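Asker: Prediction below, plus the sequence it came from.
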Amino acid sequence: MGPSGCGKTTFLKIVGGLSRATSGLVQINGIDVDGPQPDFGIAFQQSNLMPWRSVLQNVLFPMEIRHESNAAATDRARELLALVGLQGFENASPAQLSGGMQQRVALCRALIHRPKLLLMDEPFGALDELTRMEMQDLLLDIRKSTGATVMFVTHSISEAVYLSDVVVVFSKRPAVIADTINVGLPYPRTPEVRYSAEFTELEHRAGRALGITR
Amino acid sequence: MNHRQFQRAVYPLAGLFAILLLWQGYTQFFGISRIVLPSPTDILWASVARYDLLLRETWPTLFESVLGFALAVVIGVPLAVGVANSRTLNLTLYPILIATQSVPKVAVAPIILVWFGLGMESKLAIAFLVGFFPIVVDTATGLRATPAGLLELAYSLRASPFQVFAKVQFPAALPFIFSGAKVAVTLAVIGAVIGEFVGSVGGLGNLLLTANSQLDGPLAWAALVWLSVLGILLFAAVAVAEKLMIPWAGSGQH
């Protein structure tokens, strides 16, 4: 988490192998990341759905690229769409969906090849508050059922605290790590957690690290 | 049909009818010679009475336009793909393409006639030349305008260059290609007529010239009307193909 323009997205892209670091090295499980990895999944702020493909075809796009678009993949795509509450929309075109529904499709697409690491760049940033909270709970469910590690970039303090095991707070540009917060809130996280004293205290700590509160 | 659709269909027709009525009244009231300006009914009558002749002369013009347009697509699209994807090709060819576009095609027509003769080939070549440019430019623009997010997605999935082209760039460029094709098909008809004007033995352009020189105003105008209808029908055919092939583009993509 960090303020706009501090380099969160750049950092995520370097971790994902989409950008090159000017110095330093990214290692994941002992492997140098020098390009996109097959067991990574990425979800961007824009859903980046292809208007010429149906919802199902959009979800299957990564499998097509990997030449693994078979009946099993189609079944999994349908399961994922059902998991995010989009059963019945398989043959819809992306233009027929709301912004929140499009982001759900993008999430299914990021998960279709069972990634071990899911990189998310403010994927809920463009959504309204209610949809956003729904999507956060959905993401927690998905993380639980897939066991994937999620690196999630956001500039929302409450989103960071609500979703995370660990919040790494970036300072303003040039960014340094201002604080690393072990959240320690119990799972499953329910909307009530947002109103607990511990939650507020963690938000305060993140706010202090950003220099917003004292 | 709702009220708006009704308006959209009826208002232009009403406007056209009003103009035709004024035209008819003007030629009759002032007794304008048929050679100078035939009335709409004269033209309609000529279209019906000389139906055989007009239809016979339509085929060569239609053939030249459609084939010239098809050639422009078949050669123009691959060339645009090359220009959009290769820096070398782009730097080498694009300035030349722009430069050749500024050469007036009407002025080239006599030279092309010398090369290809009075037959269909020369008309086809001119139709191709005028249709070629919008196809290349619009296709190249469309290929370069692929949304960056889609390219990044493909890259993150380690897609091959061919996969990126076939699954992302090309479908994303289709709306651009069709807008180029719609311009090109109308220009191709104009190109064919230019060719027929400069020297030919058939076609609607040839018929128009002949009728004009024989002071047959109604027939010359009938040929003009048939040419316009031909252009509109070809445009409509491309528009229908667009609707069928890229139904998504209507929803605010391009």
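Answerer: Received it, and whenever you're ready, just let me know what you need.
Asker: mind listing the helices for chain A?
Answerer: Secondary structure of chain A (DSSP state H): helices at A:8-15, A:55-65, A:71-83, A:99-111, A:129-146, A:157-163, A:197-210.
Asker: now the shortest one: mean pLDDT?
Answerer: The reference is to helix A:157-163. Averaged across helix A:157-163, pLDDT comes to 91.
Asker: So which bits of the stretch 1-150 of chain B are right by chain A?
Answerer: Counting by CB under 8 Å from any CB of the partner chain, the positions of the stretch 1-150 of chain B adjacent to chain A are B:147, B:149-150. C-betas here are computed from N, CA, C, even on glycine.
Asker: Please list all residues in contact with A:Ser54.
Answerer: The contact partners of A:Ser54, taken as CB atoms under 8 Å, 6 or more residues apart in numbering or on different chains, are A:90-93.
Asker: Generate a ChimeraX selection restricted to the buried entries among the residues you listed.
Answerer: Here is the ChimeraX command that selects only those of these that count as buried (16 or more other CB atoms under 10 Å in any protein chain shown):
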select /A:90,93
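Asker: tell me the centre residue of chain B?
Answerer: By CA atoms, centre = their mean, chain B has its centre lying nearest to B:Thr186, at 1.5 Å.
Asker: That one: which element?
Answerer: Secondary structure from DSSP states H and E places B:Thr186 in helix B:170-198.
Asker: Could you look up the next helix or strand downstream of that helix?
Answerer: As assigned by DSSP H and E, the chain's next helix or strand after helix B:170-198 is helix B:204-213.
Asker: what's the next secondary structure element after that following helix?
Answerer: Immediately after helix B:204-213, counting by DSSP H and E, sits helix B:217-245.
Asker: mind listing what's buried in that following helix?
Answerer: By 16+ other CB under 10 Å, the buried positions in helix B:217-245 come out as B:217-227, B:230-231, B:234-235, B:238, B:242.
Asker: next one: stretch A:198-214
Answerer: Going by neighbour count (16+ other CB under 10 Å), the buried part of stretch A:198-214 is A:199, A:202-203, A:205-206, A:209-210.
Asker: Could you export the residues you listed as CSV, including distance to chain B and pLDDT?
Answerer: Conversion of those to CSV gives the following (distance: CB to the nearest CB, whole Å; pLDDT from 0 to 100):
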residue, distance to chain B, pLDDT
A:Phe199, 33, 89
A:Leu202, 32, 90
A:Glu203, 31, 89
A:Arg205, 33, 90
A:Ala206, 29, 89
A:Ala209, 30, 87
A:Leu210, 28, 85
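Asker: need these in TSV with distance to B:Thr61, can you?
Answerer: Below are the buried residues of stretch A:198-214 laid out as TSV (distance: CB to CB, whole Å):
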residue	distance to B:Thr61
A:Phe199	76
A:Leu202	77
A:Glu203	75
A:Arg205	79
A:Ala206	73
A:Ala209	75
A:Leu210	72
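Asker: from the stretch 1-150 of chain B, which residue is nearest to chain A?
Answerer: Proximity of the stretch 1-150 of chain B to chain A (CB to the nearest CB) peaks at B:Gly149, 4.1 Å away.
Asker: for the helix or strand bottoming out on mean pLDDT in chain B, packing partners?
Answerer: Taking mean pLDDT, DSSP states H and E as the measure, chain B has helix B:87-101 as its least confident helix or strand, at a mean of 86. If you count contacts as 3 or more CB pairs under 8 Å, 6 or more residues apart in numbering or on different chains; DSSP states H and E, helix B:87-101 packs onto helix B:51-85, helix B:120-144.
Asker: Now with 7 Å, please.
Answerer: helix B:51-85 (3 or more CB pairs under 7 Å, 6 or more residues apart in numbering or on different chains; DSSP states H and E).
Asker: Off-centre distance for the helix it packs on?
Answerer: Distance, stretch centre to chain centre, for helix B:51-85: 8 Å (CA atoms, centre = their mean, to the nearest Å).
Asker: who are the neighbours of that helix, in terms of helices and strands?
Answerer: Secondary-structure packing of helix B:51-85 (3+ CB pairs under 7 Å, 6+ apart): helix B:87-101, helix B:120-144, helix B:170-198, helix B:204-213, helix B:217-245.
Asker: ok, back up a step: do you know the pLDDT at the residue of the stretch 1-150 of chain B closest to chain A?
Answerer: Reading off the model, B:Gly149 has pLDDT 90.
Asker: and for the one helix or strand it maps to, what are the contacting residues?
Answerer: Taking DSSP H and E as the criterion, the element that holds B:Gly149 is helix B:148-156. Residues from elsewhere that reach helix B:148-156 (CB atoms under 7 Å, 6 or more residues apart in numbering or on different chains): A:16, A:18, A:36, A:42, A:44, A:46, A:48, A:50, B:163-164, B:168, B:172.
Asker: try stretch A:58-74
Answerer: A:49-50, A:77, A:80-81, A:94, A:105, A:108-109, A:112-113, B:157, B:159, B:163.
Asker: Now list the buried members of these.
Answerer: A:49-50, A:77, A:80-81, A:94, A:105, A:108-109, A:112-113, B:157, B:159, B:163.
Asker: pLDDT and distance to B:Leu209 for those residues - can I get that in JSON lines?
Answerer: Shown next, in JSON lines, are the buried ones among the contacts of stretch A:58-74 (pLDDT from 0 to 100; distance: CB to CB, whole Å):
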{"residue": "A:Leu49", "pLDDT": "93", "distance to B:Leu209": "54"}
{"residue": "A:Met50", "pLDDT": "94", "distance to B:Leu209": "50"}
{"residue": "A:Ala77", "pLDDT": "92", "distance to B:Leu209": "62"}
{"residue": "A:Leu80", "pLDDT": "88", "distance to B:Leu209": "67"}
{"residue": "A:Leu81", "pLDDT": "91", "distance to B:Leu209": "64"}
{"residue": "A:Pro94", "pLDDT": "92", "distance to B:Leu209": "53"}
{"residue": "A:Val105", "pLDDT": "93", "distance to B:Leu209": "59"}
{"residue": "A:Cys108", "pLDDT": "91", "distance to B:Leu209": "64"}
{"residue": "A:Arg109", "pLDDT": "93", "distance to B:Leu209": "60"}
{"residue": "A:Ile112", "pLDDT": "90", "distance to B:Leu209": "64"}
{"residue": "A:His113", "pLDDT": "88", "distance to B:Leu209": "66"}
{"residue": "B:Leu157", "pLDDT": "91", "distance to B:Leu209": "59"}
{"residue": "B:Ala159", "pLDDT": "91", "distance to B:Leu209": "55"}
{"residue": "B:Gln163", "pLDDT": "93", "distance to B:Leu209": "53"}
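Asker: still on that earlier bit, of the residues of the stretch 1-150 of chain B next to chain A, grab the buried ones for PyMOL.
Answerer: Of the residues of the stretch 1-150 of chain B next to chain A, the buried ones go into a single PyMOL selection, burial set by 16+ other CB under 10 Å:
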select buried, chain B and resi 150
